[in-house]
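Engineer: no sequence for this one, just the structure:
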């Protein structure tokens with residue numbers, strides 16, 4: 001049997017109505033690094049790539065600007081982007097000060113939803129709480145498997 005081919009997520013793409021406004025938002029509000037643009041004048045669109053590292057280090061965000069198109073109707077199938085942060089409460093305070101719309105902020109600091117300039121929702125998740133949640137789920141699964149393997153005593 002051959003090994004499964006190596007795969008990695010390359011990027012997520014969003015269509016935006018104002019490329020510079022969106023680049024500024026993702027850099028300022030979310031701390032992403034501007035990586036590059038590709039302009040396709042004959043096809044009337046420009047791509048911009050941003051991320052927390054280079055494209056060879058992980059997935060990045062692709063912003064697509066179609067010349068002259070300022071708004072898009074968001075489809076019912078689109079969910080949202082999720083970003084792990086060290087402290088959701090601190091991020092929400094910082095983003096509020098920048099005038100970013102906060103749609104939801106959990107009382108326990110586990111998550112918040114913000115909105116980008118084009119109306120896309122972005123979920124902020126507390127990294128430490130996610131890791132703790134995953135460890136707990138793994139331990140519970142391991143304990144359940146161990147319990148089902150134990151002799152029944154009949």
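Structural biologist: Perfect, I can see it now. Remember, predicted model here, so these are calculated numbers, not experimental data.
Engineer: contacting residues around residue 129?
Structural biologist: 108, 109, 110 (CB atoms under 8 Å, 6 or more residues apart in numbering). From N, CA and C alone the C-beta is placed, and that goes for glycine too.
Engineer: for the protein, longest helix please?
Structural biologist: Determined from DSSP state H, the single longest helix within the chain is helix 127-149.
Engineer: That helix: which residues count as buried?
Structural biologist: Buried residues in helix 127-149, counting neighbours by 16 or more other CB atoms under 10 Å, are found at residue 129.
Engineer: From the contacts of residue 129, list the buried ones, please.
Structural biologist: By 16+ other CB under 10 Å, the contacts of residue 129 give 109, 110 as buried.
Engineer: Let me know the closest of the contacts of residue 129 to residue 102.
Structural biologist: residue 109 (13.0 Å; CB to CB).
Engineer: quick one: pLDDT of the closest one?
Structural biologist: pLDDT, residue 109: 94.
Engineer: how much space between it and residue 29?
Structural biologist: 18 Å (CB to CB, to the nearest Å).
Engineer: The worst-scoring helix or strand of the chain on mean pLDDT: how far from the chain's middle?
Structural biologist: Sorting the helices and strands of the chain by mean pLDDT, DSSP states H and E puts helix 127-149 at the bottom, at a mean of 80. Put simply, helix 127-149 sits 24 Å off its chain's centre (CA atoms, centre = their mean, to the nearest Å).
Engineer: ditto for stretch 120-133
Structural biologist: 10 Å.
Engineer: what does stretch 30-38 give?
Structural biologist: Worked out by CA atoms, centre = their mean, stretch 30-38 lies 14 Å from the chain centre.
Engineer: what's in contact with it?
Structural biologist: For stretch 30-38, with CB under 8 Å, 6+ apart as the criterion, the contacting residues are 23, 26-27, 46-55, 60-61, 83, 122.
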